[in-house]
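Engineer: what follows is a predicted protein model with its sequence.
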Amino acid sequence: MKLLTLNTHSWMEPNSKQKMTYLAQHIAAEQYDVIAFQEVNQSRFAPKAHVKDDPYYFPAKKRPAIHKNNFAFVLQQTLLKMGTSYYWTWFPCHLGYRLYDEGVAIFSLHPIEEIHGYVISSKTHYFSQKRRGVAGIEITNNNERMLFYSCHLSGWQDKKKNSFMQEWLRLESTLTTLHPDQKIVLLGDFNASANRRGKGYDWITNVSGWHDTYALAPVPKGKFTFPSYQTGSIHPKQHPRRIDYILCNYKPIVLSAEIIFDGKDTPLISDHCGLKVYLDTAALPRF
């Protein structure tokens, strides 16, 4: 099973349409089973798209309006023109830059059997950029029902309170309640650096016991998913780090893991790199 996660930084990038087209070409060539996107934007005042009878679109329970320039919608329509059909959903998290409805999205080659979307932050006001949410889907793979969530969490420290911890504990508690006995895969931007001890990454992997697929790969390729540059500009005070993950609540057989869209073998298309992971889901999990 091929998986991909990418914080798209959508419509905030220079040459964003060209980068989105390249992303679509890459996806069409790779045929990922499941893809998670974060920072998926649409202009608040753009015309609405006609998705009511779209067999590939699965709306969140509150049925958010999809606008014609919704990044996920445009990407899915571009893929259709390339002959690749993805089922998808989008969950709006907050208002970004006073211009965009910003959220998380998830695509699947497999038919979606059920969707989930909920807020994980203490901030519930839509106009707060600190409001965080997740989008999840249930699909069947090798005759087994599995869950995949697209996630975007806050950093470990946020002034006087730890927003990451609040969000992670709320997410974990909800997953335990809703899906106590199922395999779950979390994909996304967790804003938790893998090389910072005693903080978010250690809590996820050591305390909560989730498995980092990149760390389980025989020879993971690439080092950082958040480089020391953004959209081509150098930020000397910003240290490169690995903060985007594909996590499992079971120990999977990981065939390969690679950081892509890093400006090396594949072009830089966002302020984040993507993470591509290949799981052997036919093999028995190692608990």
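Structural biologist: On my side now, so go ahead.
Engineer: residue 12 and residue 77, how far apart?
Structural biologist: 20 Å (CB to CB, to the nearest Å). Where C-beta positions appear, they are placed from N, C-alpha and C, glycine not excepted.
Engineer: of these two, which one has the most company?
Structural biologist: For residue 12 versus residue 77, neighbours defined as other CB atoms under 10 Å are more numerous around residue 12 (18 against 15).
Engineer: was I right to think that one contacts residue 40?
Structural biologist: No. Using CB atoms under 8 Å, residue 12 makes no contact with residue 40, being 11.3 Å away.
Engineer: and the end-to-end length of stretch 261-274?
Structural biologist: 6 Å (CA to CA, to the nearest Å).
Engineer: for it, which outside residues touch it?
Structural biologist: When contacts are defined by CB atoms under 8 Å, 6 or more residues apart in numbering, stretch 261-274 is touched by residues 4-9, 13, 19-20, 22-23, 26, 189, 222, 224-227, 230-232, 244, 259-260.
Engineer: quick one: buried ones out of those?
Structural biologist: Burial by neighbour count, 16 or more other CB atoms under 10 Å: within the contacts of stretch 261-274 this picks out 4-9, 13, 19-20, 23, 26, 189, 222, 224-227, 230, 244, 259-260.
Engineer: not counting sequence-adjacent ones, nearest residue to residue 254?
Structural biologist: residue 216 (4.2 Å; CB to CB, 6 or more residues apart in numbering).
Engineer: does the one you found touch residue 252 like I think?
Structural biologist: Yes. Counting by CB under 8 Å, residue 216 does reach residue 252; the two are 7.0 Å apart.
Engineer: which residues touch residue 144?
Structural biologist: Applying CB under 8 Å, 6+ apart, the residues near residue 144 are 183, 281.
Engineer: residue 101 versus that one, what's the distance?
Structural biologist: Relative to residue 101, and taking CB to CB, residue 144 is found at 34 Å.
Engineer: next one: residue 179
Structural biologist: 27 Å.
Engineer: can you check residue 138 too?
Structural biologist: Distance, residue 138 to residue 101, by CB to CB: 25 Å.
Engineer: what of residue 252?
Structural biologist: Taken as CB to CB, the span from residue 252 to residue 101 is 34 Å.
Engineer: likewise for residue 23?
Structural biologist: From residue 23 across to residue 101, the span is 20 Å (CB to CB).
Engineer: more neighbours, residue 216 and residue 252?
Structural biologist: Higher neighbour count among residue 216 and residue 252: residue 252, with 21 against 18, using other CB under 10 Å.
Engineer: which strand or helix spans that one?
Structural biologist: For residue 252, there is no helix or strand it lies in under DSSP states H and E.
Engineer: quickly list what the residue nearest to residue 221 when sequence neighbours are not counted is bridged to.
Structural biologist: The shortest distance from residue 221 to any non-neighbouring residue, by CB to CB, 6+ apart, is to residue 258 (4.1 Å). Bridge pairing for residue 258 (DSSP bridges) gives the partners residue 221, residue 276.
Engineer: touching, residue 258 and residue 225? I think so.
Structural biologist: No. Contact criterion CB under 8 Å: residue 258 and residue 225 do not qualify, at 11.0 Å.
Engineer: shared neighbours, these two?
Structural biologist: residue 275.
Engineer: list the contacts for residue 31?
Structural biologist: 2, 84, 109.
Engineer: tell me which of those is nearest to residue 209?
Structural biologist: Ranked by distance to residue 209 (CB to CB), the contacts of residue 31 are led by residue 2 at 24.8 Å.
Engineer: mind checking how far that closest one is from residue 107?
Structural biologist: 12 Å.
Engineer: looking at these two, which is more packed in?
Structural biologist: residue 107 (27 against 16).
Engineer: just the C-alphas of the helix or strand harbouring that one, formatted as CSV.
Structural biologist: In this structure, residue 107 sits in strand 100-108 according to DSSP H and E. Extracted C-alpha coordinates of strand 100-108, given in CSV (Å, rounded to 0.1, in the frame of the first residue of the first chain):
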residue,chain,number,x,y,z
TYR,A,100,-9.2,31.4,2.9
ASP,A,101,-11.2,28.6,4.4
GLU,A,102,-8.3,26.3,5.4
GLY,A,103,-8.6,22.7,6.2
VAL,A,104,-7.3,19.1,5.8
ALA,A,105,-8.2,16.7,3.0
ILE,A,106,-7.7,13.0,2.3
PHE,A,107,-7.9,11.1,-1.0
SER,A,108,-8.3,7.4,-1.6
